[in-house]
Structure formats: structure tokens, C-alpha cells
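K.L.:
just to be clear, the model below is a prediction. Sequence and coordinates:
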Protein chains: 2
Amino acid sequence: MSQGEMVGDLDHAVGYVLKQAAAALRTAMDAALRPMDLTVPQYACLELLGQRPGLSNADLARGVFVTRQSMNGVLRGLQDRGLVTRPTTAPQGRALPTELTTTGREQLRRASAAVQAIQQQMVSHLSPAAQRRLVDDLASCVAALSVSPTPTAD
Amino acid sequence: MSQGEMVGDLDHAVGYVLKQAAAALRTAMDAALRPMDLTVPQYACLELLGQRPGLSNADLARGVFVTRQSMNGVLRGLQDRGLVTRPTTAPQGRALPTELTTTGREQLRRASAAVQAIQQQMVSHLSPAAQRRLVDDLASCVAALSVSPTPTAD
DNA sequence: TGACTCATGTCAATATCCTGACACACAATC
DNA sequence: GATTGTGTGTCAGGATATTGACATGAGTCA
């Protein structure tokens, strides 16, 4: 065992390769983020906040693909370390708009650079056109899956 | 809030779209597999076993992108339901070659069909050539990330 | 032969995440 | 003005995955 080179038909399945790529990216990001004491969800949260300040917990959760509860925990950790700030009282409704602190912005700067390097490495074998095409096709896949959330195939 | 349509620059980041696609696929697979009481790791294990019978726990774990411990739990559940069989004594070394039972094969057949439907739906907006290209590019990404497991970007 | 290294399976403890549920705030409706 | 509905934040419970650790078997090399 343990040759692990020939998985046969599986290597040609879109889903498997997609998961494989996502897992590889996750591992690489985790390794790159670890030196700065950041998990992937934490980084994703920071990045989202950097691009769209004032997002609520629920919005953040949707953007990072986790539940509100998990994002709440992530946000607590970030808030505990002074990377983000949340008002104690909701200015509008119940949503607490989260924002980056100066320290958070600095951390995000470094983390974003590291992640960008990972992403560049990931697509380094692809031409710029192919990179853009890949993003496009991936987006198409997302859209195709979003149209019917519950196919309930028999 | 809650428009969630315009995430700005993030939509063009390969990593983000990749994660998005993987999350969407995971959700769809989960929904499709739930009626037959199968989780995604369980299905992945079955699929792997169907294509390469006799795989060990560690090999399975690598193929499904989880730890050996997690795969052990998955395997226990599958074995408990009579979907797979593992010898109590290792014929060679310590590895216990796992194999599908008849019931397991039948379950795999149905689950595989459902997952295939999901995959088809996912790439339904892409031409066959584009689909093949996507798999190719994704594989390229995996390879590019595998060359240096620990970039340790500053 | 004996020591060393590597891979495997398994156990325990920890951490993480999700499902279910509740209370609160705003908008829409009657 | 009261009611329903949607969205939000938070709490508890259970399921899941991971890290750390250990004992066993196989291969390597002095």
C-alpha cells in the first residue's frame, strides 16, 4: 500500500479534484497563517472585514461559510486579541457592526500578503488567461449548484 | 445588510471562489446523501473502496483528506452497518485491508449516482472541453501547492 | 542478531463545528 | 395599534475532527 499515486477514475472526477485542491489550499494557508497565530476562518473574517467594514456577525458567517455560532467564537477570539471591535449596543436592530482595529489592519496586511503568495503559487502553472478562466468556471459551478439547493436525487 | 451580492474584490480571488465552490459542493452532497444516511466522508470512503478494494485505514484517510483517527471512526460506523468488512487480524503488517460488502456495494451504487448527478449539475454550464480543462487546471493547482508544503511566507 | 526508523492501528483528551432552541429588534400587514 | 415574519445574537447539547501518545509489525543497516 501507500503508493497513493494511481487513484484511477477518481482523479478525473470534478468533485474529488475540487476537494483535493481546496484541502491543499487549506493546508497551505494554515501553515502560512500559523506563524502569526491566525486560523483560516480568522483570516477570512479579517479579509472580509477589510474589504467591507461594518459587517455583522451573520454576514461574516455567510462570507466565511460557517455558522453564526462559529463566527461568533471566531469574532470573540479576534476581539479578545484587539484585532476587531464590536459595539456593545446595536446602533440599528440587533446587528453589531464589526470593524478592524489598527492592529487588526496590520495583521490583515501581513496575513493577506502570505495568503496572496499561496494563491500565486497555486496558480503559478497557469497562464493569466487560464487563471481568470478558472475563477470564471468555478463561479459558474457555484451558480449552477445554487439554483437548486435541494435536488433530492433518488 | 444581508444583500450579500457584492463582495467586491473577493469574488475574483481564486482561493475564495475555490472555497466557495467546495462549500457549495459539500452542502449539495450532504443534502443528497442524507436520505440514505450517509455523510460525505462515509460516501468518499465507500467510493474509494469501490475503486480500490483492500485499502487500509491510513490509505483511506489520505484519500478522503482526514486523519487516520477520523477515518477509523468512519470505518467503524460503516462496519457497524455492514457496509464494509475488515479482517480482525492483519494478513500483512498491521494494515487491515477493508472491502465492500454486497450491501455496501449497493449503497455505493445509489450514493454514487446521486453524487454524479450533483457533479453534473455543478458543471452543467460548462462545455465538455471546459469541464476537462477545469479538472486539469485544478490538478495543476494541487500539484503547484504540493511542491513546497511549508512555504513559510513572511 | 540487535538497534534504529518508519508506518500502521488504536486510545484518550481536546478543540471545533453544527443542530436545535430561545429572546430580541425591525418591517410589513391587517 | 396589534400581529405576523424575517433577521439577528446567544445559549446549550451533541456530533465530529483534530492533536498527542502509545504499542505493534516491517524494513534497514551496523
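P.N.:
Yes, it's here. Numbering: from 1, shown residues only, chains lettered A, B, ... in the order given.
K.L.:
so which residue is smack in the middle of chain A?
P.N.:
Residue closest to the mean C-alpha point of chain A, counted by Cα atoms, centre = their mean, is residue A:44 at 4.6 Å.
K.L.:
what's it sitting at in phi/psi?
P.N.:
For residue A:44, the backbone dihedrals (degrees, to the nearest 10) come out as phi -60, psi -40.
K.L.:
now do the contacts for the residue lying closest to it once chain neighbours are set aside.
P.N.:
Closest residue to residue A:44 apart from its sequence neighbours, by Cβ to Cβ, 6 or more residues apart in numbering or on different chains: residue A:64 at 4.5 Å. Glycine gets a C-beta too; all of them are placed from N, C-alpha and C. Counting by Cβ atoms under 8 Å, 6 or more residues apart in numbering or on different chains, residue A:64 makes contact with A:41, A:44, A:45, A:48, A:71, A:74.
K.L.:
looks like the residue nearest to the centre of chain A contacts residue A:63 (just checking).
P.N.:
Yes. Contact criterion Cβ atoms under 8 Å: residue A:44 and residue A:63 qualify, at 7.3 Å.
K.L.:
now the strands: where do they sit in chain A?
P.N.:
Remark: strands assigned in chain A by DSSP state E are A:84-85, A:99-100.
K.L.:
ranges for the helices of chain A?
P.N.:
Remark: helices assigned in chain A by DSSP state H are A:14-33, A:40-51, A:57-64, A:68-80, A:102-122, A:128-146.
K.L.:
now the longest one: mean pLDDT?
P.N.:
So the one you mean is helix A:102-122. Helix A:102-122 shows a mean pLDDT of 92.
K.L.:
do it and chain B meet?
P.N.:
Yes. Using Cβ under 8 Å from any Cβ of the partner chain, helix A:102-122 comes into contact with chain B via A:110, A:113, A:114, A:115, A:117, A:118, A:119, A:121, A:122.
K.L.:
next one: that helix to chain centre, how far?
P.N.:
Relative to its chain's centre, helix A:102-122 lies at 12 Å (Cα atoms, centre = their mean, to the nearest Å).
K.L.:
using CSV, list the CA coordinates for that helix.
P.N.:
C-alpha atoms of helix A:102-122 as CSV (Å, rounded to 0.1, in the frame of the first residue of the first chain):
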residue,chain,number,x,y,z
THR,A,102,-5.3,49.4,13.7
THR,A,103,-3.6,46.2,15.0
GLY,A,104,-6.2,44.2,13.1
ARG,A,105,-5.5,46.1,9.9
GLU,A,106,-1.8,45.5,10.3
GLN,A,107,-2.2,41.8,11.0
LEU,A,108,-4.5,41.6,8.0
ARG,A,109,-1.8,43.2,5.9
ARG,A,110,0.7,40.6,6.7
ALA,A,111,-1.7,37.7,6.5
SER,A,112,-3.1,38.8,3.2
ALA,A,113,0.4,39.0,1.8
ALA,A,114,1.1,35.5,2.9
VAL,A,115,-2.2,34.2,1.5
GLN,A,116,-1.7,36.0,-1.8
ALA,A,117,1.7,34.3,-2.1
ILE,A,118,0.0,30.9,-1.6
GLN,A,119,-2.6,31.7,-4.1
GLN,A,120,0.0,32.9,-6.6
GLN,A,121,1.9,29.6,-6.0
MET,A,122,-1.2,27.6,-6.5
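K.L.:
name the helices or strands packed onto that helix?
P.N.:
With contacts taken as 3 or more Cβ pairs under 8 Å, 6 or more residues apart in numbering or on different chains; DSSP states H and E, helix A:102-122 sits against helix A:14-33, helix A:40-51, helix B:14-33, helix B:128-146.
K.L.:
need the residues of chain A near DNA strand C, please.
P.N.:
Listed as neighbours of DNA strand C in chain A under the rule Cβ under 7 Å from any atom of the strand: A:1-2, A:39, A:41, A:65-67, A:69-70, A:73-74, A:90, A:92-94.
K.L.:
what do you get if the cut-off is 6 Å, keeping everything else the same?
P.N.:
Counting by Cβ under 6 Å from any atom of the strand, the positions of chain A adjacent to DNA strand C are A:1, A:2, A:41, A:66, A:67, A:69, A:70, A:73, A:92, A:93, A:94.
K.L.:
buried subset of the residues you listed as a PyMOL selection?
P.N.:
The buried subset of the residues of chain A next to DNA strand C, as determined by 16 or more other Cβ atoms under 10 Å in any protein chain shown, is captured in PyMOL by this line:
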select buried, chain A and resi 41+66
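K.L.:
fine by me, we can end here.
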